[in-house]
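> Test case, fold it:
(chains A and B)
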There are 2 protein chains.
Amino acid sequence: MNIINLKRKNLKNPLETFVEWLEPDIFKINQSIIDNLAGSESLISDLTSHIINSGGKRIRPLLTIACSKLCKYTGNRHITLASIIEFIHTATLLHDDVVDNSNKRRGRSSANFIWDNKSSILVGDFLLSKAFRMLIDDGSINCLNIISKASVKISRGEVKQLVSIKKLHTKESEYLDIIDHKTAELFSAACQIGGEISEVSSEKKSSLAEFGTFLGIAYQIIDDTLDYFSNCKTIGKNTGNDLKEGKMSLPLIICFKRCNKKEKKIIEFIISKDTSNQSDFNKVIELMNKYNVKADCIKKAKHFSIMAKDSLGTFSDSQEKEKMINLADFLTERTK
Amino acid sequence: MNIINLKRKNLKNPLETFVEWLEPDIFKINQSIIDNLAGSESLISDLTSHIINSGGKRIRPLLTIACSKLCKYTGNRHITLASIIEFIHTATLLHDDVVDNSNKRRGRSSANFIWDNKSSILVGDFLLSKAFRMLIDDGSINCLNIISKASVKISRGEVKQLVSIKKLHTKESEYLDIIDHKTAELFSAACQIGGEISEVSSEKKSSLAEFGTFLGIAYQIIDDTLDYFSNCKTIGKNTGNDLKEGKMSLPLIICFKRCNKKEKKIIEFIISKDTSNQSDFNKVIELMNKYNVKADCIKKAKHFSIMAKDSLGTFSDSQEKEKMINLADFLTERTK
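Now for the predicted structure:
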């Protein structure tokens, strides 16, 4: 787990509290992952372990566990389903790193950098297929429906993002549609299945779906903002990657909209280059600072975070609900 | 469709007969593919259409249709299921071309060459996810089981193949295991589901599974043999690709085993190079000719083709069975 250094000693942040709360289940998820990789080729388990153990926050599987606890679920299926969510997410990360030509993830070398693109593609395919196998073994047609819909939506989101590369006139609504597909849908599915396996009303199930969607959007906006306003040590991946790739994320969309003609030309020139350098990045940051982009992105993320929290209104107050609300706040305030 | 030029006019080869027999269903499969791509991003439909319409033999979906006809199936599910098989196969092809760094497929530029690797990876992911969605909508847990098992096995086969690259001491049994995973499993699944949707005995269903497996192995051995003993015009992809990639296919395994010490050194040197050239290829062909590799590979393929045909022994004689037997013969005798 990625534990943030606290300024005040002995005070846990909401993510730490969240992780501590779910710790026994996290161990079980890890065991389920190991069990489900057993017997496969060592390249598969090595590469999967590398990415899963590389200090990610593992928000998605934890959301499945947390939502099942919020719904007072008492069985064991949440463990397998959380592992399935982790497998699908890991498959996406493996393919993402190849598509983005990334050499770092969470401060460590990315799998495609240590192994190669070929291995990342094929192991990603294995994990996606394996996730469906595990889902079928779990036996719930509803969970199959939720996750398979998410899987199609994620891949469409990735395609939408690819198509929008370097298109400086991408609208904010198009950006929101992309992150709804590529990120929020899996957050939503992770939450939904926590409710699906529990005996709760369909109203509560759809609240969980909504909570996941809004939280996912807030999370991705912060991720995209940190790609400009963080440093490698903190965020653990290459800051400025999105600019280099010409990815039309929220900070760039807002910044470009607010620039005057001359400034627009500068950004157009930087984006048109095959690869931008540090000085290009600094220039863009300068413009973003001029137009208050960072603060406005965070405001927008907070707007979605509030919507996420409000979605939980159908649930009566409980310790579980409080922890989820604190998590939503924390994820929007995070600096890595 | 890839139609072979016949030496004798007006005489159809078994593949043509097969295609003619299934033509009305082929149109329906095409329509199902179009319907299932509707509403998705144009990159997805363009790239999928490119690969599906590029003159492949489309053996796998046709096997589903043929097997359902052999089992006297009268419904419509075979069309969707054949499209699902085509989607899974297309996803594999898209990722294969990236992994193999191929620039040609079936005589045309490959998708990753026309578009790029990124598009091929992401559209492949979409097709795989979409296939599962369509399967869930079809509603048969047995078909889901068959195809999801195949999907895991295919990805494991691809990983196994990747791991064996340039390992000249790869055993023939390891090669057979690889092609059983990466090729024969989908042939088998395609055949099985033709039986699964029909009301036939479990004995017949398992015969169809066996038919598909053996036919797939025979098919892949011929494919790998043609990679050495064909030319670009005939096979429609780059002859000699397997050698360049250091792929341990049957011809190379047999050849290396039969070579003397000095010849082994030559092959070791060629394989150790980053990329082999035409003269390297010619040298290997020379050794293969010396050791009768082509004929022996074909003999081995025929052995599996015979086993495939024998698997159909559980079915009484019929026109459908005859066409399938003729197809098995033809696929083993093909020159492209």
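> all strands of chain A, in order?
Ranges of strands in chain A, per DSSP state E, are A:104-105, A:108-109.
> Flag every residue of chain A that's near chain B.
A:40-41, A:43-44, A:95, A:98-99, A:117-119, A:121-126, A:128-130, A:132-133, A:136, A:141, A:144-145, A:148-149, A:151-152, A:154-156, A:158-160, A:162-163 (CB under 8 Å from any CB of the partner chain). (Each C-beta comes from the backbone N, C-alpha and C, glycine too.)
> check contacts around A:I197.
Listed by CB atoms under 8 Å, 6 or more residues apart in numbering or on different chains, the contact set of A:I197 reads A:68, A:73, A:75, A:77-78, A:81, A:140, A:143.
> Restricted to buried residues, select those residues in PyMOL.
To isolate the buried subset of the contacts of A:I197 in PyMOL, counting by 16 or more other CB atoms under 10 Å in any protein chain shown, use the following:
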select buried, chain A and resi 68+73+77+78+81+140+143
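> Okay, buried residues for stretch A:130-137 please.
Buried-residue list, stretch A:130-137, by 16+ other CB under 10 Å: A:130-136.
> ok, of the residues of chain A next to chain B, which come out buried?
Buried among these (16+ other CB under 10 Å): A:40-41, A:43-44, A:95, A:98-99, A:117-119, A:121-126, A:128-130, A:132-133, A:136, A:144-145, A:148-149, A:151-152, A:154-156, A:158-160, A:162-163.
> Surely A:G212 touches A:F187?
Yes - if you go by CB atoms under 8 Å, A:G212 and A:F187 touch, sitting 4.1 Å apart.
> joint contacts of these two?
With CB under 8 Å, 6+ apart, A:G212 and A:F187 have common neighbours A:L63.
> wait, doesn't A:L81 sit right on A:D138?
Yes - between A:L81 and A:D138 there is a contact under CB under 8 Å: 6.6 Å.
> contacting residues around A:F304?
Here A:F304 is in contact with A:214-215, A:217-218, A:221 (criterion: CB under 8 Å, 6+ apart).
> Surely A:I65 is in contact with A:T80?
No - look at A:I65 against A:T80 with CB under 8 Å: they stay out of range, at 11.4 Å.
> out of the two, which sits in the busier spot?
Higher neighbour count among A:I65 and A:T80: A:I65, with 26 against 21, using other CB atoms under 10 Å in any protein chain shown.
> what pLDDT does the more buried one get?
Here, the pLDDT recorded for A:I65 equals 97.
> Just give me the neighbour total for A:A82.
Neighbour number of A:A82 under other CB under 10 Å is 29.
> Go through the residues of chain A next to chain B and flag which are in helices.
A:43-44, A:95, A:98-99, A:117-119, A:121-126, A:128-130, A:132-133, A:136, A:141, A:144-145, A:148-149, A:151-152, A:154-156, A:158-160, A:162-163 (DSSP state H).
> if I pick A:L186, what's in contact with it?
A:60, A:85, A:88-89, A:92, A:150, A:154, A:216.
> for the residue nearest to A:K69 when sequence neighbours are not counted, what are its contacts?
Leaving aside its sequence neighbours, A:K69 sits nearest to A:E320 (CB to CB, 6 or more residues apart in numbering or on different chains; 5.0 Å). Residues in contact with A:E320 (CB under 8 Å, 6+ apart) are A:66, A:69-70.
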